[in-house]
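> Sharing a sequence plus its predicted fold:
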Amino acid sequence: MILKGFKEKSNQNYINKTLNNRVVNSSDSKIKSVGVIINIDEMIDYKWFDSLFKTLKIESSNCEIIAFTKEKTIEENNFFNSFNKNSIGWKGNIKNESLKSFLSKEYDILISYYLEASMHLKLLTVKSKANFKVGILHEDERLNDLIIKTPVKAYNTFEKELLKYLTILNKI
């Protein structure tokens, strides 16, 4: 139990240090690739993201979803890769290969579609190399460049607002 607390503290320190040193990219380049982080325990309809990708006119081959679960066993899925708390080590170290692969890609936009303020989910958002980050979690405003305050299951509202702001920012 004590080691678990130290591990969480080391990861939280990593998050804070990274966020304090973050440089915001103000590029107006068009979106061609999307990464999505979800918390599958929040009962998200992950198939809805196909519709979102079509609305944004992005090919599904340029889109990737990664899902967090609190469960000890990771459910295999053809639509996305999963990870749990055991996939993350001390000081933000990533143990899971599919997670390393996801984080190594430079997406044009990262959508952090979760409301739970989990250290594991926030760590992924921080470690992502995405040029522009969008989220619905409004607990820590340093995480994302754009925060759309909607409930998790308000898919159409999120899609409409995302489209509106990406158009204003000249990203689509």
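The structure has been received and is ready for your questions.
> Report the residue spans of this structure with pLDDT below the cut-off.
Within the chain, the set of residues satisfying pLDDT under 70 comprises 1, 4, 19-20, 22, 24-26, 72-79.
> And the strands in it?
Secondary structure of the chain, counting by DSSP state E: strands at 34-39, 63-68, 81-83, 109-113, 133-135, 146-147.
> Dump these into CSV; add distance to L52 and mean neighbour count as well.
No exception for glycine: its C-beta is placed from N, CA and C like everyone else's. Listed next are the strands of the chain as CSV, based on distance: least, Cβ to Cβ, whole Å; neighbours: other Cβ atoms under 10 Å:
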stretch, distance to L52, mean neighbour count
strand 34-39, 8, 24
strand 63-68, 9, 22
strand 81-83, 18, 20
strand 109-113, 8, 26
strand 133-135, 11, 23
strand 146-147, 15, 16
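> of the ones you listed, which approaches L162 most closely?
Taking Cβ to Cβ as the criterion, L162 comes closest to strand 133-135 out of the strands of the chain, the separation being 6.4 Å.
> strand partners of that closest one, parallel vs antiparallel please.
Neighbouring strands of strand 133-135 in its sheet, by DSSP bridges, are strand 109-113 (parallel), strand 146-147 (parallel).
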